[in-house]
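> need coordinates for the following:
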Amino acid sequence: MIEESEVLKKEIRGNVGTLVFNRPERKNALSPEMLVKLHLTLKEWAAMGTVWTVVLTGGEGNAFSSGYDILSIPTSVTEEEKEILKQSNPLELALNAVKNYCFPTIAMVNGYVFGAGLNLSMCCDIRIAADDIKAGMPPAKLGVVYHPEGLKQFVDVLGMARTREIFFTGRTYEGPQLLEMGLVDHLVPRSELVTTTYRLAEEIAANAPLSLKGTKRILNLLSSSPTLSEEHLKEAEQLIIEAFNSQDLKEGQTAFLEKRRPKFVGR
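Predicted structure coming up:
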């Protein structure tokens, strides 16, 4: 069942969750209201512990997201959302929520994606795009200096050289260039986008959740620093021990011997 708000649609099927940006009249520009709802939804799903893969998309239109709509006026926010808007930067909240979500995330890039929208896709673990999209980072053409955390998120994914080129030129990329620059991981015909994305999402979600969760956390720690601190090494070791002692490990071994698909429960 799909839950709809004015700016965000939510759906959970099995262990795969989907978040759909729902501002077609604004080309899915990321409003503060949408970003707070995104943050709170991922926080809720993380607490549930049963959404093992998340797909983010702009839906059926021709835009994934045109960027950050800083001038948008919230229209239907809860009291909790009002407090968050007063105290926090909603863009940073959402970017961090996606990057640090405890399970894998996939950007299903259905249309053109620019600015903060492209930044948001960089925070996903995997990007799958229709082969007719366009993407770019226009700050240099607008006289804007992009924030350091956002630049780091591009460097983490693309490397320093490609990040420099993308930001210095402000170019719009399309077709094979998207793959060459690393802006997407998979480029598929539009007619195959949904099928390809959910096939991968379901394949990931069928794996052991403790393994997914632990691996994602360690990879995020490594993206912060190639050399882990003693504290982070202990955290990684604990994640490894937890998975090693889990019911899911025994289920995986048994399923392998019995030549069947394992049924993981996250314990």
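> could you point out which element follows the helix-or-strand element of the chain with minimal mean pLDDT?
Taking mean pLDDT, DSSP states H and E as the measure, the helix or strand of the chain with the lowest value is strand 2-4, at a mean of 52. From strand 2-4 onward toward the C-terminus, using DSSP states H and E, the following helix or strand is strand 8-13.
> spatially nearest residue to Tyr101 (excluding sequence neighbours)?
Residue nearest to Tyr101 in three dimensions, not counting chain neighbours: Leu42, with 5.1 Å by Cβ to Cβ, 6 or more residues apart in numbering. From N, CA and C alone the C-beta is placed, and that goes for glycine too.
> any buried residues in the helix or strand the one you found falls within, and which?
Using DSSP H and E, the secondary-structure element containing Leu42 is helix 32-48. For helix 32-48, the neighbour count (16 or more other Cβ atoms under 10 Å) marks 32-42, 45-46 as buried.
> so the residue nearest to Tyr101 makes contact with Ala97?
Yes - applying Cβ atoms under 8 Å as the test, Leu42 and Ala97 come out as touching, 4.5 Å apart.
> so which helix or strand takes in Gln177?
Gln177 belongs to helix 176-180, assigned by DSSP H and E.
> over to Leu187?
When secondary structure is defined using DSSP H and E, the element that contains Leu187 is strand 186-188.
> likewise Leu56?
In this structure, Leu56 is located in strand 53-57 according to DSSP H and E.
> for the residue nearest the centre of the chain, which three-state class applies?
Centroid-nearest residue in the chain, with Cα atoms, centre = their mean: Cys124, separated by 2.9 Å. When the structure is split into helix, strand and coil by DSSP: H, G, I helix; E, B strand; the rest coil, Cys124 lands in coil.
> OK, contacts around it?
Neighbour list for Cys124: Leu56, Val98, Thr105, Ile106, Ala107 [criterion: Cβ atoms under 8 Å, 6 or more residues apart in numbering].
> and this protein, what are its domain boundaries?
With automatic domain parsing as the criterion, the domains of the chain are listed as 2-205, 209-257.
> what about the strands in the stretch 51-200 of the chain?
Listed from the start of the chain, the stretch 51-200 of the chain has strands (DSSP state E, counting those that start in this stretch) covering 53-57, 63-65, 105-109, 112-114, 126-130, 134-136, 172-174, 186-188.
> compute the inter-axis angle for the third one and strand 53-57.
Calculated by axes from the mean of the first three to the mean of the last three Cα atoms, to 10 degrees, strand 105-109 forms an angle of 20 degrees with strand 53-57.
> show me what strand 105-109 is packed up against.
For strand 105-109, the elements it packs on are strand 53-57, helix 116-122, strand 126-130, helix 193-205, judged by 3 or more Cβ pairs under 8 Å, 6 or more residues apart in numbering; DSSP states H and E.
> output the ones you listed in TSV; the columns should cover mean pLDDT.
Putting the helices and strands packed on strand 105-109 into TSV (pLDDT from 0 to 100) gives the following:
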stretch	mean pLDDT
strand 53-57	98
helix 116-122	97
strand 126-130	98
helix 193-205	98
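> Thr163 is nearest to which of those?
For these, the distance to Thr163 is smallest for helix 116-122, at 9.7 Å, taking Cβ to Cβ.
> residues making contact with the closest one?
Taking Cβ under 8 Å, 6+ apart as the rule, helix 116-122 contacts 28-30, 56, 64-68, 91, 94-95, 98, 107, 109, 113, 127, 135-137, 150, 153-154, 156-158, 183.
> distance between it and the chain's centre?
On the basis of Cα atoms, centre = their mean, to the nearest Å, helix 116-122 sits 9 Å off its chain's mean C-alpha point.
> would you mark the buried spots in that helix?
Using 16+ other Cβ under 10 Å as the test for burial, helix 116-122 gives Ala116, Gly117, Leu118, Asn119, Leu120, Ser121, Met122.
> of those residues, closest to Asn220?
Within the set of the buried residues of helix 116-122, Met122 lies nearest Asn220; the separation is 13.5 Å, counting by Cβ to Cβ.
> look up how far Lys152 lies from that closest one.
Distance from Met122 to Lys152, counting by Cβ to Cβ, to the nearest Å: 10 Å.
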